[in-house]
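Asker: Pasted the sequence and its predicted model underneath.
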Amino acid sequence: MSANSTQVRETIRERTPAVRKIEHTIEYLDLVGSCHQFVATLGRLVPRMRGQEFTDDERETVRRGISKVRAAADWLEAAIDNGEFTLDEQLANLLKGE
């Protein structure tokens, strides 16, 4: 998105509170839906894995993914609690896998 487009969008948001309210509702539903989808996916997959054996590399890969999920969930919880919704560099690198 160009700087001009971003500026126009921000101007519309400032002048039309209903636009921001609609965006908030969409973002909220997307966030709640993402949480629900993650839990539902695990609820479906994990029980089907009973009896499967994983290599050390596979377990480590899953553990790295769990660490990312945990960090993202902690970040979301803190953002909701304190209203600070910026992504710091350390978390961004963790989520990118660096």
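Answerer: Here it is on my side, so go on.

Asker: drop to CA atoms for contacts and neighbour counts, all remaining ones
Answerer: Noted.

Asker: which secondary element of the chain has the worst mean pLDDT?
Answerer: Lowest by mean pLDDT, DSSP states H and E among the helices and strands of the chain is helix 89-96, with a mean of 74.

Asker: Which elements pack onto that one?
Answerer: Packed against helix 89-96 by the contact rule (3 or more Cα pairs under 8 Å, 6 or more residues apart in numbering; DSSP states H and E) you find helix 56-82.

Asker: Low-confidence stretches in the protein?
Answerer: Applying pLDDT under 70 to the chain picks out residues 1-2, 90, 98.

Asker: For the spatially most central residue of the chain, give me its contacts.
Answerer: By Cα atoms, centre = their mean, the chain has its centre lying nearest to Ala72, at 6.2 Å. Residues in contact with Ala72 (Cα atoms under 8 Å, 6 or more residues apart in numbering) are Leu91, Leu95.

Asker: do you know how far it is from Leu87?
Answerer: The gap separating Ala72 from Leu87 is 10 Å, by Cα to Cα, to the nearest Å.

Asker: The longest helix anywhere in the chain to helix 56-82, inter-axis angle?
Answerer: Looking across the chain with DSSP state H, the single longest helix is helix 17-48. For helix 17-48 against helix 56-82, the angle by axes from the mean of the first three to the mean of the last three Cα atoms, to 10 degrees is 150 degrees.

Asker: Quick one: residues in contact with the least confident helix or strand of the chain.
Answerer: Residues from elsewhere that reach helix 89-96 (Cα under 8 Å, 6+ apart): Lys68, Ala71, Ala72.

Asker: what's the neighbour count on Glu84?
Answerer: Look at Glu84: counted by other Cα atoms under 10 Å, it has 11 neighbours.

Asker: Dihedrals phi and psi, it?
Answerer: When quoted as degrees, to the nearest 10, the phi and psi of Glu84 stand at phi -100, psi 110.

Asker: Next, count neighbours for the residue nearest to it when sequence neighbours are not counted.
Answerer: With sequence-adjacent residues excluded and distances taken as Cα to Cα, 6 or more residues apart in numbering, Glu84 is closest to Ala78, at 7.6 Å. Neighbours of Ala78 under the rule other Cα under 10 Å: 13.

Asker: No further queries at this time; thank you.
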